[in-house]
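K.L.:
Coordinates for the following, if possible.
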Amino acid sequence: METTPLLVALHTPALTLATWEAYDPSVKVDLTSNALRVGERVCLFDPIPFADGTDVAAIMGAPATAIILTNGNHERYALEVADALQLPILAPAAAFPEFTPALAARAIRLEEANLPLEAIPLPGGGAGETAYYTPEADGVAVVGDALINLPFTGFCLLPEKYCEDVSKLRCSVTELARRPLAALAFSHGQPLLEGIAEKIAALP
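P.N.:
Numbers count the residues shown, from 1 in each chain. Modelled structure (predicted):
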């Protein structure tokens, strides 16, 4: 995969959100990963490899401290990135049955970790689908597959064929709109930085 540079989408004294992505021909879709700094802690979400020469600490203002997975389908390159940067891997307990044995043995359940973010379960998507939220910078959330924002789809709900229960997912994503949101980042697509609650409310 040819990975794009790590690009900052939002920056304040307390928070930095950056993304990087690549097209994966094996699944025929763009994969997006996010780095989120809250205070001095930097979490990498559903990571794919970085572009050559990427200095995460220089871009984010602090070194990476953990990898967080959003669901059971997003193992991606977590083990490789964790080994390269010597990071722990955190994941929702409900996602573990979908992981390879190597990842399941290595990962830490969110319930056992001191997470600097609020974990928001989004039932109805994939196994263990979870969003992560911080009120810093007027509210920032990172989602996995529940919501996507690709050029050929626009902002939309995960297609029904990939959902455990699309009606339940449609209801659960409204939980995000109940919180202030200045940025919403995705595992498939570039972040939204305006009108987020209204866009969630308008989903069919």
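K.L.:
helices or strands next to the helix or strand of the chain with the lowest mean pLDDT in the packing?
P.N.:
Ranking every helix and strand in the chain by mean pLDDT, DSSP states H and E puts helix 174-177 at the bottom, with a mean of 93. Under the contact criterion of 3 or more Cβ pairs under 8 Å, 6 or more residues apart in numbering; DSSP states H and E, helix 174-177 touches helix 196-201. Glycine gets a C-beta too; all of them are placed from N, C-alpha and C.
K.L.:
Give me the residues contacting the helix it packs on.
P.N.:
With contacts defined as Cβ atoms under 8 Å, 6 or more residues apart in numbering, helix 196-201 is touched by 147, 155, 173-174, 176-177, 181-184, 192.
K.L.:
Spit out the contact partners of Y162.
P.N.:
Counting by Cβ under 8 Å, 6+ apart, Y162 has contacts 125-126, 145.
K.L.:
about what we covered before: on the C-terminal side of the least confident helix or strand of the chain, identify the next helix or strand.
P.N.:
strand 183-185 (DSSP states H and E).
K.L.:
can you pick the most crowded of the contacts of Y162?
P.N.:
Each of the contacts of Y162 was scored by neighbours using other Cβ atoms under 10 Å; the highest score is G125's, at 29 neighbours.
K.L.:
got a pLDDT number for that one?
P.N.:
Note on G125: pLDDT of 95.
K.L.:
ok, now S33?
P.N.:
S33 carries a pLDDT value of 98.
K.L.:
these two touch, right, it and F45?
P.N.:
Yes - under the criterion of Cβ atoms under 8 Å, S33 makes contact with F45 at 6.2 Å.
K.L.:
any common contacting residues for these two?
P.N.:
Residues touching both S33 and F45 by Cβ under 8 Å, 6+ apart: S187.
K.L.:
All the helices of the protein, residue numbers only.
P.N.:
56-60, 78-85, 101-106, 166-172, 174-177, 196-201 (DSSP state H).
K.L.:
Now do the same for the longest one: mean pLDDT, whole number.
P.N.:
For helix 78-85, the per-residue pLDDT values average out at 97.
K.L.:
Show me the shaky parts of the protein.
P.N.:
Of all residues in the chain, none has pLDDT under 70.
K.L.:
Would you map the strands across it?
P.N.:
Along the chain, counting by DSSP state E, strands occupy 7-11, 15-24, 29-38, 41-45, 64-68, 89-91, 108-109, 118-121, 130-134, 140-142, 147-150, 154-157, 183-185.
K.L.:
Could you provide those in JSON lines, with additional columns for mean neighbour count and distance to K168?
P.N.:
Listed next are these as JSON lines, based on neighbours: other Cβ atoms under 10 Å; distance: least, Cβ to Cβ, whole Å:
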{"stretch": "strand 7-11", "mean neighbour count": "15", "distance to K168": "29"}
{"stretch": "strand 15-24", "mean neighbour count": "20", "distance to K168": "28"}
{"stretch": "strand 29-38", "mean neighbour count": "23", "distance to K168": "23"}
{"stretch": "strand 41-45", "mean neighbour count": "23", "distance to K168": "23"}
{"stretch": "strand 64-68", "mean neighbour count": "22", "distance to K168": "23"}
{"stretch": "strand 89-91", "mean neighbour count": "24", "distance to K168": "21"}
{"stretch": "strand 108-109", "mean neighbour count": "14", "distance to K168": "22"}
{"stretch": "strand 118-121", "mean neighbour count": "16", "distance to K168": "11"}
{"stretch": "strand 130-134", "mean neighbour count": "23", "distance to K168": "14"}
{"stretch": "strand 140-142", "mean neighbour count": "27", "distance to K168": "19"}
{"stretch": "strand 147-150", "mean neighbour count": "21", "distance to K168": "14"}
{"stretch": "strand 154-157", "mean neighbour count": "16", "distance to K168": "11"}
{"stretch": "strand 183-185", "mean neighbour count": "26", "distance to K168": "20"}
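K.L.:
Right, I'll leave it there.
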